[in-house]
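[1] Below is the sequence, then the predicted model.
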Amino acid sequence: MSPLLRRQAGYGVAYITPGMLILLVFCIAPIFMTLYYSFTEYNLAQPPDWLSLENYEKVFTNSQLRKAVVNTVIYVIITVPIQTLLAMFVANFLAEYLNNRYGRFLRSIIFIPTLASYVAAATVWKVILASRGGLLNEVLGIFGIGPINWLGEPTLALICVSLVAVWKSVGYFTIIFYAGIMNISVDVREAALVDGATPRQRFWKITVPQLKPIIYLNVTLGIIWSFQAFDIVYKLTGGGPHNGTTTIAYIIYTYAFQDFRIGYASAVAILLLLVILVVHLIQQHFFEGDD
Amino acid sequence: MIRHERRSVRFIVGLILVTLFALMCVIPLIYMILVSFADTSTMYIQWDDIHLFDFSNYIYLFQNRDFARPILNSLIVVVISVILVDLVSCTMAYGFEKKPIPGKKPLFNMVLATMMIPTQVVFISLYVMMRKWGLLNTYIALVIPLVGAFGVFMMRQFMQSVPNDFIEAAQIDGCSEIHIYTRIVLPMVKPARITLAVFTFNSAWNALLWPLIAATKDEMNTLTVATSSLTSYFATNYGPEMAAATLSFIVPFVLYCFMQKQFVEGIALGGVKG
Amino acid sequence: MKKALAIILAAIMCVGLLAGCGSEPAPTTSGGDTASGDPVELTLWLPIYQFGDGISDEDFWNGKLDAFEEANNCVVNLEILSWSDYATQIYTGLLSDEGPDVVYVTETYDLIDAGLLAPLDEYLTEEDYEKYIYLDQGAYNSEGQLCTFPMMAGNPCVIFYNMDMLEAAGITELPTTWDEFMDVCLTLKEANPDVWPFISSWGATNGVSAMLAGFWPFFFQAGGTVLDEEGNLNLDSDATLEALTYINSFKENGIFDDSIVSMDDPNGKFVNGEAAIIINGTGNASTFTEAGINWQCQLGLEGPAGLATNMSVDSLAISSYCEEKELAAELIKYITSAECMDDYHTEIYGMPSLTTDATYTEPEPFQSMYDDYADVMYAVPSYEGSASFADVFQQNVQGMLMGEMTPEEVISESMAYYYDQIVA
C-alpha cells in the first residue's frame, strides 16, 4: 500500500470508527446479548440463570404464542400485498394519466396518513370503528347496514387492524412507486404506446417488470416492518379479543416489559428473528426464480 | 409526454376511484381534528357538540395533564437525534464510499444486515444495558436507537454522486482532510442531509415502543407515549384524547406543508435507489 | 454469503465486547451524604387518586408532608404516578437506582420474590398492630416477614343499579340471589332493548382489571378460595366453574352481546345511562352521583356459597435499597395516620379508615357494609405470575363469551397455560 493510500485508509477508519462503535454497542451487541438471555431465566433483579433450551421448549408449546404467530402471518399476508398493489395502481394512475396539478395534489394528500403516528392513527380509528356510535357504523346505518362490532370479533378485528395499518402506510409506498414509474424512460413507455399495447398490458408488461427492483426492496421492507407490528395492536385492541390480534411483537413486549421475563421474551424475539430470516430467504428465492 | 384520450370511461372511473381513495386517506384525520374540538361525554358524537376554536380540550391537556413537558421532551429528542443521525450517517457514509478501508465490504454488509433485525431483539438487551448504566429516563437513552444503518445506507447512495475528481483535485491543492469533508463533500450532499433529517424527525417524533420502555417516569414521556396513556383516564370523553392525537399529528403535518419536496423526494430516493 | 460472513465477523467482535461487559463491576449506588448534616432525602411514589376536580394529589401530599419534613429534618420528594402500566412503572422504578424509597404497591408477589421490598417487622411495634386495623392483611415474604403496609384497604366491588331504569322496567326490589339477578336483567332487557341491562369489563386493557369486577365477586359468591394451603393457585375448582357458568349465562341469555369483549369502559356506559347495572368499586359512587345517576347499591349477590364480594388491599412498601429504612417506616406510619388519612379520605378518595383513632367514616350505605359485612369481603392475594395469569384468563373468558370455549375449557386451558408457561 502506498503511503498516500495508507493515509487515506487511516482517514477512512477514523470516519467510520465512531459510528461503528455506536452500532456495535447499541445495536449489534444487544443482538448477541438477547441470544444469550434466551437461554436463561432473567427477571432483572437477580443475575441471569442458565436454563439451556428450556425457554425454547416452552416457546414451542405456548398456545398463546402459536396464536400470535398465526395472527402475525395473517397480518403480513393482508398488509404487504394490499399496500404494495394498491400503491402501485394508484402511483401508476397518477404517473401515467394524471400528471398534472390535480394529480400532484392527490399525491400529497395520499401521503398525509404517513405523517401521523400509529398512536394517533389508532386513537382516531378506535372511535371510528366503535360498535355503538362509531362513525363507520353511523354511516353504514344510513344504508341500513349494521351495527357491526368491528373490533369485537377476533377475525374481523385482525382484518381491521391490518387495514388500518395499510391506511397508514400506503402513501409511503405510493410515493416510492410514483418516483419509480417516473424514472422509467419515456422511450420505453412511448414504444409500448406505439405498439398499441392496452393500458393493462402496458402496466403488467412494461411498468411492473421495470419496477421489479423497487418492488423487491419495498416488499422486503414491508415484510420486515409488518412482522414487527406492535404500535397499532397496542393502541387499537391490546391483543384481544380472545388473543385475536396478538402479534409476536406484542407478546414480546408483554413478556419482557410487563412481566419482566427477559429470558423467555428473548427466546420469542430470537424466534421472530428466525421467522423473518426464513421469510426473507423464501422471498429472495421467489424473486430470483422469477427472472 | 404520453397522450391519452382524456374522456375515456376508464380514465373517469380511475379518476373517481383515486379521488375517493385520497379522501379516505384524510377523512379520519379531519374527523380527529373535529372531535378534538368537541365537548362530548358519550360515545355518540353529535355534530352540534363540535365547536371549532373552542380550545378547552387543549387547555385541559396543558393545565391538567402537563402536556408541555412531553412536547418539550419530544422536541429535545427530535433535535438531538436529527443532529446525531446526520453526524454519524454522513461520516460513516463518506468513509465507506470514498476511503480505501481494508475489509470495508463485509463491514458495510454487516451494517446493512442490522436493518433486518427486528427492533424487539435489540430493545430487550438495550433496555438491560441502559438500566445497568443508569441511562433509563435520559435523553441519551431515548435517542440512541434512532441511530441506525438506514441513514448510513441512504447517505452512501448520495455520496456516490460526489465526483472523485473533485476530492482528488482538492487533495492536490493541498486542502486538509477536514476541509475537504466539511467544505466540499458535505455541501454537495446537503439535499440528502435535509431528507435524512426529515426522516429522522418523523421516526423520532412518532416512536412508541422504545420511549414506552426507556422512559419509566412520566416526566420523561414523549408526546406519543403521553397521548397513548391518556386512554386510561377518559375512555368515553374522546375530546382530550383526540386533542392529544391532533397535537402529535400537527407538528409533522406543518413541517410537511413547508417541506413537501424534501419529504417526497427523500422517500422516493430512499426507496428507489436501493 | 457476504452477509453470513459479516454476521460471523460481527459475532467475533461482539464476543470481545460481551466479555468486556461481563467483567464490569456492579454499578455502585451513590451513597447518601448524610454525615454533612444535609437533610436526608426520601423519594415517595404514590398513584393518582384524585379523579375529580378537587385538590390534586400532589398539592394535598405536599401540604401534609411539610410537617413530617420539619419534624424529621428531611426532604420528601413526592412523585404522583399515573395508573397506566402502574405495576411496570413500580417494578422498573424499584430496579433502578433512582427509584422510590417508599412506594405504593398493588401486585406484590413479583416484587417480594425478586427481593425488591424490605421487611418491615423490625420497624413495627405492638402498638402499631393495635392501631392499624388492616396491618395483618399486608403481604409476607417466604420467611414470613411482613413486606407491605396496607394503605388503601376496601373499595369492595359492589353492585350499582340505575334506579330510574329499574323503575321504568317495573322492578321495585333489588335481587338477592343469582337467579333473581338474572331475572332482573332479562326484565330490563325486555323493557329497554337499547341499553345494556348489566355490563362488565371483559374488554379491559389488562386481565387484572377485567377480573376485578368481572370475575372475583362471582367467584367468592360461589365459595372459592384463590390459594390453597400451600399458597398455590387454586382456581381449578368447582367455584370457578360455577362462577364462569353463571357469567356465561349472561351471554346465553342475551344480556351480554358480542361487544362485551371489546368493552374497555363499562363505567362510562353506566355514567351515560347506557347501562342499568354495573359491578364496580365503591370508590366510583361519587362519579355516578356527579353524573346525576339515581343509583342504589348492594354489597353483592348470594351465590351458591352465600353473600360475598372482593375488595382490594393496596399497600405502601420500602425498597430494599433504601438507606433510611427507619425514617421510611416513620413516613409510612405518618401517611397512614389519622392526621393525613382523615383529610385524604374526605378530599381525595374515600376509603375505610385505617386506624382506630381515625374519625372519617365512609358515606352510607358503604360504612354499614364495612361494619356489617367485613367478614365476607375477601382480598385477592398476589400470587406468582398473577398479572400474566389474569391476562390469559381474560382472553379465555373472552373466548367463552364469544361462544368459542366452554367454562370447563377456560379453566383447563388457563391452568395448563399457567403451569406450562408462567410458573414452569
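    Structure received.

[2] Which positions in the lengthiest helix in chain A come out as buried?
    Using DSSP state H, we find that the single longest helix of chain A is helix A:63-97. Residues of helix A:63-97 classed as buried by neighbour count (16 or more other Cβ atoms under 10 Å in any protein chain shown): A:64-65, A:67-69, A:71-76, A:78-80, A:82-84, A:86-97. Where C-beta positions appear, they are placed from N, C-alpha and C, glycine not excepted.

[3] likewise stretch B:71-88?
    B:71, B:73-74, B:77-78, B:80-82, B:84-86, B:88.

[4] does chain C sit close to that stretch?
    No: Stretch B:71-88 is not in contact with chain C by Cβ under 8 Å from any Cβ of the partner chain; minimum separation 15.2 Å.

[5] got any ranges where chain C has weak pLDDT?
    Judged by pLDDT under 70, chain C has its weakly predicted residues at C:1-37, C:97, C:263-264.

[6] do that again at 50, thanks
    In the predicted model of chain C, residues C:1-36 satisfy pLDDT under 50.

[7] tell me the domain ranges of it?
    Here the domain parsing of chain C from automatic domain parsing is C:40-153+C:313-364, C:157-311+C:383-422.

[8] Run through the residues of the stretch 51-200 of chain C sitting next to chain B.
    Checking the stretch 51-200 of chain C against chain B by Cβ under 8 Å from any Cβ, the hits are C:79, C:81-85, C:88-89, C:92-93, C:95-98.

[9] Quick one: buried ones out of those?
    Here, 16+ other Cβ under 10 Å leaves C:79, C:81-85, C:88-89, C:92-93, C:95-96 buried among these.

[10] Turn those into JSON lines, columns for secondary structure.
    Converted to JSON lines, those look like this (DSSP: H, G, I helix; E, B strand; the rest coil):
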{"residue": "C:79", "secondary structure": "strand"}
{"residue": "C:81", "secondary structure": "strand"}
{"residue": "C:82", "secondary structure": "coil"}
{"residue": "C:83", "secondary structure": "coil"}
{"residue": "C:84", "secondary structure": "coil"}
{"residue": "C:85", "secondary structure": "coil"}
{"residue": "C:88", "secondary structure": "helix"}
{"residue": "C:89", "secondary structure": "helix"}
{"residue": "C:92", "secondary structure": "helix"}
{"residue": "C:93", "secondary structure": "helix"}
{"residue": "C:95", "secondary structure": "helix"}
{"residue": "C:96", "secondary structure": "coil"}
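
[11] which of those come close to chain A?
    C:85, C:88, C:95.

[12] surely the first one meets residue A:253?
    No: taking contacts as Cβ atoms under 8 Å, residue C:85 lies outside contact range of residue A:253: 10.7 Å.

[13] What ranges does chain A have for its strands?
    For chain A, the strands defined by DSSP state E cover A:40-41, A:49-50.

[14] Please give the centre-to-centre distance between the last one and its chain.
    Read that as strand A:49-50. With Cα atoms, centre = their mean, to the nearest Å as the basis, strand A:49-50 stands 34 Å off its chain's centre.

[15] Can you name every helix or strand that it contacts?
    With contacts defined as 3 or more Cβ pairs under 8 Å, 6 or more residues apart in numbering or on different chains; DSSP states H and E, strand A:49-50 has these neighbours: strand A:40-41.

[16] For residue C:382, list the residues it contacts.
    Taking Cβ atoms under 8 Å, 6 or more residues apart in numbering or on different chains, we find residue C:382 in contact with C:107-110, C:139.

[17] from the residues of the stretch 51-200 of chain C next to chain B, which two are the most distant?
    C:83 and C:97 (24.5 Å; Cβ to Cβ).

[18] Can you give me the end-to-end span of stretch A:40-48?
    One end of stretch A:40-48 sits 6 Å from the other (Cα to Cα, to the nearest Å).

[19] before we move on, back to that, if we look at chain B, which of the buried residues of helix A:63-97 are close to it?
    Answer for these near chain B (Cβ under 8 Å from any Cβ): A:86, A:90, A:93-94, A:96-97.

[20] which among those residues gets closest to chain C?
    Proximity of those to chain C (Cβ to the nearest Cβ) peaks at residue A:86, which lies at 27.2 Å.

[21] ok, the nearest residue to the closest one once chain neighbours are set aside - how many residues close by?
    Excluding the flanking residues, the one nearest residue A:86 by Cβ to Cβ, 6 or more residues apart in numbering or on different chains is residue A:170, at 5.4 Å. Per other Cβ atoms under 10 Å in any protein chain shown, the neighbour tally for residue A:170 reads 25.

[22] Likewise for residue C:197?
    26.

[23] buried stuff in the lowest-mean-pLDDT helix or strand in chain A?
    Comparing helices and strands within chain A by mean pLDDT, DSSP states H and E singles out helix A:186-194 as the least confident, with a mean of 74. Buried residues in helix A:186-194, defined by neighbour count with 16+ other Cβ under 10 Å: A:189, A:192.
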